[in-house]
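*Asks:* Could you work out the structure for the sequence below:
(one chain, ligands or ions: 1)
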Amino acid sequence: MTQASHRQRVVVVGAGFGGLFAIKALRKAPVDITLINGTAYHLFQPLLYQVATGILSEGEVAPPIREVLRRQKNVDVRLGWVTDVDVENKVVSVSGPGIDYTVEYDTLIVAAGASQSYFGNDQFADHAPGMKSIDDALELRARIFGAFEVADLQTDAEAAQRWLTFVVVGAGPTGTELAGQIAELAHRNLTGQYKHIDPSKARIILVDAIGAVLNTFGDHLSAGAQRELEKLGVEVKLNTKVVGVDSTGIEVEDANGRHRIPSVTKVWAAGVSAPPLAAKLAEATGAKTDRAGRVFVEQDTTLPGHPEIFVLGDMMNLAGDDGKPLPGVAQVAIQSGRHAADQIKRRLGGKETGQPFKYFDKGSLATISRFSAVASIGKLRLSGFPAWVVWVAVHLFYLVGFKNRVTAVLHWAVSFIGRGRSERVATQQQAFARRAIRAYGDPFARERAESGDHAALAAADAGAARPATSTTAAEQKQTGTEPLARSTEPGAGSADGSATAAARERLSVRE
Ligand SMILES: Cc1cc2nc3c(=O)[nH]c(=O)nc-3n(C[C@H](O)[C@H](O)[C@H](O)COP(=O)(O)OP(=O)(O)OC[C@H]3O[C@@H](n4cnc5c(N)ncnc54)[C@H](O)[C@@H]3O)c2cc1C
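*Replies:* Numbers count the residues shown, from 1 in each chain. Modelled structure (predicted):
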């Protein structure tokens, strides 16, 4: 898209916390904003684990961007994945559904977040999906609830236990919250609902290569969180490295050597890396990247030599007061978004610019279970119920949309005061669509191919053939890397994974 405009054209890539808060701060600025996001919704990632464990619906954590910005008249919302940036001509290339387009900018804000990292073992994604997107959370929901259903059908006790063993890799906030919720689900919410299994016999194992749960919260809270998890029935295995993952288990290595944990349902909550766009941007501008692919930015969050390009949130590497890179948390993204907007407004007003971004650390929170959390706010350390109350207040404050706040509170009441899980529905599509899409390739290219466009057929085949490397929607779209077939997912038609070939056959449109 090219258009003449007398006003500053600000292009924002990413409608996460960084992008959205930058845009909101530019509400009254005389600029024309184009927001480009790969999905039509803003995602509140901190509550994804509640979607995966049936507490909240996907709509409650992912409001439509157009609705969120409906009153802001200076924004044009466009769907698509930014694939490249031409910094000379100030143009971004976008791959939308079935249509590629370009957008010109005067100022570019890139806040494309982070992807899952498997630390070079991308093949683990086949059997241990991450939790970065709505697709991930819904697939995990299908796997978690499906595992209990399939376990209930088993006649062999060993197979049943394999289905009733859940392994969460990564004892940071995401892994801790997820393990705690699966434990509550199994030991509290689902008890008494099955005739052939006892869900309270489910094993929930939390594995981490380092020696502490929630290690960034400090020794005291970390030890308390571990005790809380163990009280809930979570087996915490620290200093334990994952060395292999397959359909029916996970291989780990600890001080006693190498062992196998038989388990069908594994979740990867360890490690992040910057999305492919970060590398493209670095290449185009000569900016440096760190080991996780994050882009080193100047103090004001612009790229070296490119004051017109801001990189924000999870994608940027900027040292905080302690000399360490700022953490990948929502507050860093929100505050850096506001800082970028402020810089743009100062430029427009002819004021001095280049002020460094100063991050104000408002603290860290993580829930362990219903009514129990840990909070580290300044010098204050809270755990148990008081921390949980703070957690509820903060999450309600930042959850986007009044309607979502009201329904989230109702769902929390159902799950935490009562014993229900309102969102247990999981469809076949949630469990299998990833590999179906992977086999099928880009649906738009496929459609064109079927109408005789041979170049499109080659593109669709190329998309279908690439190996799995990532679980994020962004990477999937950009690289065509849908995780491979997950033969032992709940509902796959086999309790032990022997249906792999049959499932592949069913799903492959080329055969
Ligand atoms: C499961 C989970 C739990 C978390 N819990 C917490 C928590 O409790 N507290 C906390 O502070 N932080 C938490 N975080 C981290 C927090 O969510 C992130 O730090 C924050 O979302 C970063 O904001 P961002 O704007 O940089 O990126 P994101 O919020 O990730 O947004 C990036 C956006 O860019 C879009 N996008 C990506 N690539 C492209 C592209 N090429 N073209 C167009 N659009 C693109 C994506 O669709 C997305 O909308 C959690 C993260 C996860 C995954």
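
*Asks:* Can you tell me which residues in the stretch 101-250 of the chain are near the ligand?
*Replies:* For the stretch 101-250 of the chain, the contact set with the ligand under C-beta under 6 Å from any ligand atom comprises 111-113, 131-132, 173-174. Just so you know, the C-beta spots here come from the backbone N, C-alpha and C atoms, and that holds for glycine as well.

*Asks:* any idea which of the residues you listed is the one closest to residue 348?
*Replies:* residue 111 (20.0 Å; C-beta to C-beta).

*Asks:* can you map out the helices along the stretch 151-300 of the chain?
*Replies:* 157-163, 173-184, 219-232, 276-285 (DSSP state H, counting those that start in this stretch).

*Asks:* So which of those helices is the most surrounded?
*Replies:* helix 173-184 (a mean of 26; mean count of other C-beta atoms under 10 Å).

*Asks:* Show me what that helix is packed up against.
*Replies:* helix 48-52, strand 165-169, strand 203-207, helix 219-232, strand 234-237, strand 364-369 (3 or more C-beta pairs under 8 Å, 6 or more residues apart in numbering; DSSP states H and E).

*Asks:* so what strands line up beside the third one?
*Replies:* Okay, so that is strand 203-207. strand 165-169 (parallel), strand 234-237 (parallel) (DSSP bridges).

*Asks:* Determine which stretch of those strands is the most buried.
*Replies:* Counting by mean count of other C-beta under 10 Å, the most buried of the strands paired with strand 203-207 turns out to be strand 165-169, with a mean of 26.

*Asks:* Give the helix, strand or coil label for the residue of the chain most remote from its centre.
*Replies:* Distance from the C-alpha centroid of the chain, by C-alpha atoms, centre = their mean, peaks at residue 350 (38.7 Å). Of the three states, residue 350 takes coil under DSSP: H, G, I helix; E, B strand; the rest coil.

*Asks:* What distance do you get for it to residue 85?
*Replies:* Computed as C-beta to C-beta, to the nearest Å, the residue 350 to residue 85 distance reads 27 Å.

*Asks:* Ok, residue 31 next?
*Replies:* For residue 31, the distance to residue 85 - C-beta to C-beta - is 19 Å.

*Asks:* Compare those two (neighbour count), which wins?
*Replies:* A count of neighbours by other C-beta atoms under 10 Å puts residue 85 above the other of residue 31 and residue 85, at 24 against 20.

*Asks:* Touching, residue 367 and residue 391? I think so.
*Replies:* Yes. Counting by C-beta atoms under 8 Å, residue 367 does reach residue 391; the two are 5.5 Å apart.

*Asks:* Could you chop the chain up by domain?
*Replies:* Following automatic domain parsing, one gets these domains for the chain: 8-38+80-114+274-348, 116-271+363-511.

*Asks:* out of these, deepest packed?
*Replies:* Of all the domains of the chain, as judged by average neighbours under mean count of other C-beta under 10 Å, the leader is domain 8-38+80-114+274-348 with a mean of 20.

*Asks:* shared neighbours of residue 367 and residue 391, anything?
*Replies:* The contact sets of residue 367 and residue 391 overlap at residue 373 (C-beta atoms under 8 Å, 6 or more residues apart in numbering).

*Asks:* Perfect, I'm done here.
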